[in-house]
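*Asks:* predicted structure and sequence below. I'll ask about it afterward.
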Amino acid sequence: MSENAASNAPVNEIDIEITPELVAEHGLKPEEYEKILELLGREPTFTELGIFSAMWNEHCSYKSSKKWLRTLPTEAPWVIQGPGENAGAIDIGDNQAIVFKMESHNHPSYIEPYQGAATGVGGILRDVFTMGARPIAAANSLRFGSPEHWKTRHLVSGVVAGIAGYGNCFGVPTVCGEVNFHARYDGNILVNAFAAGLAQADRIFYSKAKGVGLPVVYIGAKTGRDGIHGATMASAEFGEDVEEKRPTVQVGDPFTEKCLLEACMELFENDCVIAIQDMGAAGLTSSAVEMGAKGNLGIELNLDAVPQREEGMTAYEMMLSESQERMLLILKPEKRKLAEQILRKWELDFSIVGKTTDNLRFKVFHKGRLVADLPIKELGDQAPEYDRPWVEPKVQPPLKPEDVPAPADYNDALLRMISCPDLCSKRWVYEQYDYLVQANTAQIPGGDAAVMRVHENGKAIAISCDVTPRYVEADPFEGGKQAVAECYRNLSAVGAEPKAITDNLNFGNPERPEIMGQFVRAVQGLGEACRVLDFPVVSGNVSLYNETNGRAILPTPTVAGVGVLPDWRQMATIAFKREGDILMLIGGHGTQLGQSIFLREVLGREEGAPPPVDLAREKKHGAFIRRLIRDGVTDTVHDISDGGLAVAVAEMAMASGLGASVDTLPPGSPHVALFAEDQARYVIAIAPERLEQVMMAAAEKDIPAAPIGRVEGDRLKLGEVIDLSVAELKEAHERWLPEYMEAEL
Amino acid sequence: MQSVVVLFPGINREHDMIRALEIASGRKPHVAWHTDTALPKGVDLVVIPGGFSYGDYLRAGAIAARSPIMRAVIAAAEKGVKVLGVCNGFQILTEAHLLPGALMRNAGLKFVCRTVRLRVENDSTFFTNRLKKGDILPCPVAHHDGNYYADEETLKRLEGEGRVVFRYAEGTNPNGSVNDIAGVMNERGNVIGMMPHPEDRVEALHGGDECLPLFLSIVEEVAA
Amino acid sequence: MKAIVKIMLRPAVLDPQGKAIAHALSALGFSGVGEVRQGKLITLELDETDAEKARETVKEMCEKLLANTVIEDYEIELEA
Amino acid sequence: MKAIVKIMLRPAVLDPQGKAIAHALSALGFSGVGEVRQGKLITLELDETDAEKARETVKEMCEKLLANTVIEDYEIELEA
Ligand SMILES: Nc1ncnc2c1ncn2[C@@H]1O[C@H](COP(=O)(O)OP(=O)(O)O)[C@@H](O)[C@H]1O
Ligand SMILES: [Mg+2]
């Protein structure tokens, strides 16, 4: 190889002149390009420009968000790995760890919903099994535009089928999620995919390379021109076959991913791996740089050795390709034979594509020429970081209960709420997901949290995804707190000890101070809640610039939390179990109707402050509920969130087929107590003989607790105002989504 | 009982199946890999579990049905060894012509995961002898291509000879299968295929163990 | 030589995908559409240059793998 | 009039099915097989008797429903 001193700039493979336009097309600001010139002491080659654009874009560098992400609490005695690796990891005892993360695939899912969502699932699964964890659960948080928008149906259909198509084939149970609709997501949907895996706590794998002169090994699928940066198309140098070379949509191959998983598991078990990194965004570039930079080593790549799906790929294309189902590894030299056997068994492409060096350079060779020669640490460390200007968001003032009229017909109001797009049954969605494979699902979709057995002794984990964007929009700080609090509540409601969260921060254009203000305040709210609740952030993802025609999405900091149950048998579900059980309201009656579902769906108003979140109360009430479940006092719990007490009790009835009568409501118009969305509240059902015990325990801890009715019959009776058969409720609840989707092929 | 679970790349319900066999028999089954050319010696039960062998590409089960191990499975079946295929296993058995008919795309065109009610139609098979004809079991399904099809003549024979082993009970057919067929057997009665997943309904965690008797039937039958 | 294999469900076999397409077309306002059926198209690049032999080979591929003759018919086209 | 629509993934788009078929053919002992790609074939019975008009209509159907033009190309053939 004709390698010269660094002063000698590498030969530019396709001799493309670096013009200001080209720089701009690569999403680099003039001052960012200045920084590159300064760092290199010369002009970058075209390939190098591509590498910088990939490493320094918002997605990889977190340049707008880093400053604020640093403020999040990330530590606890049980945290094995916080943010900074492919996924976070927590210790759950018995030498077991749960590795988990969430990631967005918003834009690709809008362009091609099936493949966009499918490859989103594929990417997050790889992040998890890269660390040595076998995926045991997947979840997803989806936001679509208004149901009336012409594209919504098509997007719902494609995204759900894509998630199902990938996850089902791969063999991971998809066990929970969220599906909401709002006009602010017209033209910019959100697809946030979560995965959790189970690893041996003392055998977690990282991307940090170790050892000089070791081979860098490529495994998985071949590299094609998938998802290459849009700038390639814009540069005219490609001649007549531009059409052919158009950046293509990434297509997922879940079968290959499953083989990749099994091969990796065998490599881990046979102690073959020194370092491993999946190729996600900016594929080969970011995985190689990450491995080297973390290990304080240089990396040399020879692109001729990269398995290629298409002919005539340039260095630029290979470095930026986002082909799926690929990994980069550093193997123990003495295990090379064994590793080759394993990869051959799983029929995966593999190739030695480079080596580690001690010079801290990232060198890329193609056809005998040096096409990139960059300082490896600076590529990551020197990435721009911005303290973007932000303004304090305008917070909606509280809405006085007396300014919210009672509904003319309460029965009708409740039916409307439980059948509205956001609260209706999502069965149409989750029945397309295989939520049972692996035979460990103790709680299937439809409850407060999914519960998965992880150990023969009965130990289980719980998972829940949450955020209420309308709250965040009205008050980013309180809304940020609420997302975490609701997740904490959902885990507590099944009896799980909340352990840690991952987040996916979806916002608009951070270059607009009011959007940046939303972001900053929401992250502060998130952080505050995590700190108080002892619920650290161990991984996450940021998705900015979610806008269409200058209008941002609702600020959507999605939270996905993991909790632990010592024994799945001590788990609560939302379904009523026995007639005659006493219904209790824990946390007091509601008073706040601002931003409530009642206000929006029944009165057509989206206004007011969201219910404030008292984190100390959340913590206390959560612990109380978990204690009751653990002690076997109750097996029937539901938290109160969207739609308030009425919707919570209705959901408990619908899940069981049993009815309930609630006859103790506070004085005044019942619509406030029934529909308010005040936080830190739960409904539980207990045997009558337990009532005194629960009342005393609550009094001791100064927790509002009151019997409000009982489980009986097959009708739901709430105060004097609501009387509906459970069958009728169920019919309304189940109807909307299948009927809506009917019109889609 | 000596059982073997046959694995192909892309199979993903082997753990569920192995666990169910273990719960029922107290013994770990052998495992065979698609490139193997022979089954372990002395095996008296071959089980092909669910999943997406080869991604279900081309047709569900098509590629797996042509792999080396299937020649051994076919030979064993001809000798009378008992063979059970569940979900993708059923698809593979039809593609290998060990069972008649074919499994087409669900009538609703979507993957469907839900618990259906499964009616036992023939209670004198190696998989159902612990149950009674007409028994109804809750049992999950999870598939995209479970729409059973056979031509008129084949159907007549299947029905006439009592070779429909399971049917989806009234109103629970999830995929459009002809005659609500959920599982069938071969003429000799030693090969059974079914779409639902009884292995996912064998313990309290699954919401009930109503399908455990099926596996206990095997143990009894095969151990004898 | 390039082979194109067309695989269709046999006429007697109900085709839910075709039916769904017909339904969707009519929902989109297309009228005058009768039966719709969906099949598969498989293209193969072959080293073989002799059309006769290529056809033989592809036929064998169809019988052995590409088509499920219980439910499907196939047709082979060759392009130089 | 009968329309036959051939839908294939665009050349640069990954085709996992085609890849798997090629692999299976080679495992079955077929040699000399290069790239394999799998697409869809949709046949439609149309009342329309004018070929020009039929083609127009089917083209619209492809754009609106039958093909996913983000990743697929299509071709229309008409038979009297
Ligand atoms: N919102 C966030 N909160 C906490 N950590 C975050 C957040 N966003 C990203 N991270 C962490 O930053 C690292 C880089 O993220 P990302 O680039 O999305 O990972 P990957 O390269 O695996 O796709 C990860 O460790 C991730 O967990
Ligand atoms: Mg990663």
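*Replies:* Sure, I can see it. Ligands and ions are numbered 1, 2, ... in the order given.
*Asks:* going forward, measure contacts between C-alpha atoms and count neighbours the same way
*Replies:* Fine.
*Asks:* strands paired with the helix or strand encompassing residue C:73, and their directions?
*Replies:* Using DSSP states H and E, residue C:73 maps to strand C:72-79. Under the criterion DSSP bridges, strand C:72-79 sits next to strand C:2-9 (antiparallel) in its sheet.
*Asks:* touching the next helix or strand after the strand it pairs with from outside, list them.
*Replies:* Using DSSP H and E, the helix or strand that follows strand C:2-9 towards the C-terminus is helix C:16-27. With Cα atoms under 8 Å, 6 or more residues apart in numbering or on different chains as the test, helix C:16-27 has contacts from A:743-745, B:105-109, C:31, C:33-38, D:42, D:61, D:65-66.
*Asks:* whichever helix or strand comes after helix C:16-27 near chain D at all?
*Replies:* Using DSSP H and E, the helix or strand that follows helix C:16-27 in sequence is strand C:33-46. Yes. Strand C:33-46 comes into contact with chain D (Cα under 8 Å from any Cα of the partner chain), by way of C:33-46.
*Asks:* relative orientation of strand C:33-46 and strand D:33-46 in degrees?
*Replies:* For strand C:33-46 against strand D:33-46, the angle by axes from the mean of the first three to the mean of the last three Cα atoms, to 10 degrees is 170 degrees.
*Asks:* now the residue of the stretch 201-350 of chain A found nearest chain B, what's its secondary structure?
*Replies:* Chain B sits closest to residue A:255 of the stretch 201-350 of chain A, with a gap of 4.7 Å, by Cα to the nearest Cα. Under DSSP: H, G, I helix; E, B strand; the rest coil, residue A:255 falls in the helix class.
*Asks:* list the buried residues in stretch A:368-377.
*Replies:* Within stretch A:368-377, the residues that count as buried by 16 or more other Cα atoms under 10 Å in any protein chain shown are A:369-377.
*Asks:* would you map the helices across the stretch 551-700 of chain A?
*Replies:* For the stretch 551-700 of chain A, applying DSSP state H, counting those that start in this stretch gives helices covering A:597, A:615-630, A:644-656, A:670-675, A:691-700.
*Asks:* tell me which other helices or strands the second one touches.
*Replies:* Using 3 or more Cα pairs under 8 Å, 6 or more residues apart in numbering or on different chains; DSSP states H and E as the contact criterion, the neighbours of helix A:615-630 among helices and strands are helix A:476-494, helix A:513-533.
*Asks:* would you turn the ones you listed into JSON lines with distance to ligand 1, mean neighbour count and mean pLDDT?
*Replies:* Listed next are the helices and strands packed on helix A:615-630 as JSON lines, based on distance: least, Cα to the nearest ligand atom, whole Å; neighbours: other Cα atoms under 10 Å in any protein chain shown; pLDDT from 0 to 100:
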{"stretch": "helix A:476-494", "distance to ligand 1": "12", "mean neighbour count": "30", "mean pLDDT": "98"}
{"stretch": "helix A:513-533", "distance to ligand 1": "8", "mean neighbour count": "24", "mean pLDDT": "98"}
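*Asks:* nearest to chain B, of those?
*Replies:* Minimum separation from chain B across the helices and strands packed on helix A:615-630 (Cα to the nearest Cα) falls at helix A:476-494, 14.6 Å.
*Asks:* what angle sits between the closest one and helix A:615-630?
*Replies:* If you take the same axes, to 10 degrees, helix A:476-494 sits at 10 degrees to helix A:615-630.
*Asks:* quick check: residue A:109 touching residue A:192?
*Replies:* No. The criterion here is Cα atoms under 8 Å, and residue A:109 misses it with residue A:192 at 10.2 Å.
*Asks:* ok so, going back, now do the contacts for the residue of the stretch 201-350 of chain A closest to chain B.
*Replies:* Applying Cα under 8 Å, 6+ apart, the residues near residue A:255 are A:169-170, B:9-10, B:52, B:54-55.
*Asks:* what's near enough to touch the nearest residue to residue A:393 once chain neighbours are set aside?
*Replies:* Once flanking residues are discounted, residue A:393 sits nearest to residue A:517: 5.6 Å by Cα to Cα, 6 or more residues apart in numbering or on different chains. The contact partners of residue A:517, by Cα under 8 Å, 6+ apart, come to A:390-393.
*Asks:* which one of those is nearest to ligand 2?
*Replies:* Of all the contacts of residue A:517, ligand 2 sits closest to residue A:390, with 29.6 Å by Cα to the ion.
*Asks:* strands of chain B, start to end?
*Replies:* Ranges of strands in chain B, per DSSP state E, are B:3-7, B:30-33, B:45-48, B:82-86, B:102-104, B:112-120, B:136-143, B:147-149, B:164-168, B:181-185, B:191-194.
*Asks:* can you tell me which of those strands is packed in deepest?
*Replies:* Mean neighbours per residue, mean count of other Cα atoms under 10 Å in any protein chain shown, is largest over the strands of chain B for strand B:191-194, with a mean of 28.
*Asks:* parallel or antiparallel, list what pairs with that strand.
*Replies:* Using DSSP bridges, the strands paired with strand B:191-194 are strand B:82-86 (parallel), strand B:181-185 (antiparallel).
*Asks:* pLDDT on the last one, on average?
*Replies:* Spelled out, that is strand B:181-185. Averaged across strand B:181-185, the pLDDT comes to 98.
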